[in-house]
Structure formats: C-alpha cells, structure tokens
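> Got a predicted structure plus its sequence, pasted below:
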Amino acid sequence: MFWDGDEGLRAAKITERPRSHESPEIVRTPLRVRERSRRTLDQRLSLRFPRLAASSSRRIGKLPHSSRLRQAVLTRAAWLALEAYNRRDLDAVVIGWDPAFEYHPGREWIEAGLVEPCYRGLEGYRRYVASVDEVWGGENYLTPVELIDLRDLFVVLADGRMRAKVSGVPLTQAFASVSTLRDGRTIRVQEYYDHAQALEAVGLTEQDAHSAS
C-alpha cells in the first residue's frame, strides 16, 4: 500500500493483562476518518490486482511488531476500511481480508434474531450489512477512536452513529471489532457493542488503556 504522511505513526504502548508468562508488546494508534471519501489509488490497485495485494499483506504481516512500516500500513488499512464502510463500498472494506473470512456480529443482535451468528466471505458480509441497513434505514456510520495492535489480533474501537428507521431518533452506541490475522490477512472478525467487552476478549482492561494514554 501507499502511505502519504505520518498519520498514525504517533503510537503509544500499553501493557497487556497477563494471559501467560509472556506479555507481548501492544501498540495503540489514534484513528480518524474523513467525512467524505472515495477510493484511493492503492485501493483501486489492490482491487484490480488482488494477488499482488495478498502478497503485500503477507510481507507486511512478517515484519516485526515494532516496525514503523507495519504500523503505518496497518493503521492506514484500518481507517481506509472504515471510510469504505461508511460509504458502503464493501469491496474496499475487505481489501487485505482472506476470501473465506468469517464475520461474527455482536451477541446482542444475534440473540434478538436480527442477524445470523456468522457470515462467510464477501457475499455473506454483504448480506449482514444489508440486514443492518434494513434496521437503521441505511443511516449507520462509524467514527473510529483507536487501533490496538496485538500482532496476530487487532482491535478497532469506534462510536456508532445511527438513526432509527421507524422513529427517526438519532442514536449513538459503542462499537468495537476484534480481527484475527493469518499470514497478514484478516480471517475472522468479531463485533462487540461495548469497548470493555472487546478489550476483555483480548486480555486488556479499560484501566490498562487509560493509564497508558
């Protein structure tokens, strides 16, 4: 991918709540997106040459966790994917994802019977987003807060902005996703509608995060 400037390189480090005898380094990076966006040159090239994009993802995935290049590419990929989601450009959202990825919605929506427990691949993801837009009338957008990189996992914390389709009442809700990487590509995404739950799922607490800010 191409990188224009040092956006996202101002990363802070936090300490993971121990899950084993080792405590791997974690890197936090603030995220922000543009209100209006369109496909960038690197997104267009990645969609035109998917094998080249997959090869690039694998090479980036092999870089050391502390690599500035890795952090720059991962951060850029995260905010470009969020921008793509906000404009419903789902082909661009899944750039760098394995074609057979699994997408798992938040437990609350599954228990309410609004969505399925798991969606596979791009076509499955399209069905999921269509279900979400049916509930919110297409007015459902994400404002990112930060990216937390744990090497083979990364967490995106965001705030959801939406408007109820029937009442028209604007709402906000915490949103988070935990992505699992394999060979530098996303193979699984798990949604949460609570930042604390997402952090707990990867062995962190909100106190960890705030104390490192």
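Yep, that arrived.
> Let's check: the centremost residue of this structure is which one?
When Cα atoms, centre = their mean is applied to the chain, the residue found nearest the centroid is Val156 (4.8 Å).
> list the helices and strands the strand of greatest length in the chain packs on?
The longest strand of the chain (DSSP state E) is strand 170-182. Using 3 or more Cβ pairs under 8 Å, 6 or more residues apart in numbering; DSSP states H and E as the contact criterion, the elements in contact with strand 170-182 are strand 153-163, strand 185-192, helix 195-201. C-betas here are computed from N, CA, C, even on glycine.
> one more time with 10 Å
Contact here means 3 or more Cβ pairs under 10 Å, 6 or more residues apart in numbering; DSSP states H and E; on that basis strand 170-182 packs against helix 50-61, helix 68-86, strand 97-104, strand 140-149, strand 153-163, strand 185-192, helix 195-201.
> May I have the strands that pair with it, each with its orientation?
strand 153-163 (antiparallel), strand 185-192 (antiparallel) (DSSP bridges).
> List the buried residues in that strand.
For strand 170-182, burial by neighbour count (16 or more other Cβ atoms under 10 Å) applies to Ala174, Phe175, Ala176, Ser177, Val178, Ser179, Thr180, Leu181.
> Looking at these, which is nearest Arg68?
Leu181 (18.3 Å; Cβ to Cβ).
> quick one, phi/psi of the closest residue to that closest one other than its chain neighbours?
Excluding the flanking residues, the one nearest Leu181 by Cβ to Cβ, 6 or more residues apart in numbering is Asp152, at 5.2 Å. Main-chain torsions, Asp152, degrees, to the nearest 10: phi -100, psi 0.
> Burial check on Asp152, number of neighbours?
13 (other Cβ atoms under 10 Å).
> residues contacting it?
By Cβ atoms under 10 Å, 6 or more residues apart in numbering, Asp152 lies in contact with Pro24, Gly61, His65, Ser179, Thr180, Leu181, Arg182, Gly184.
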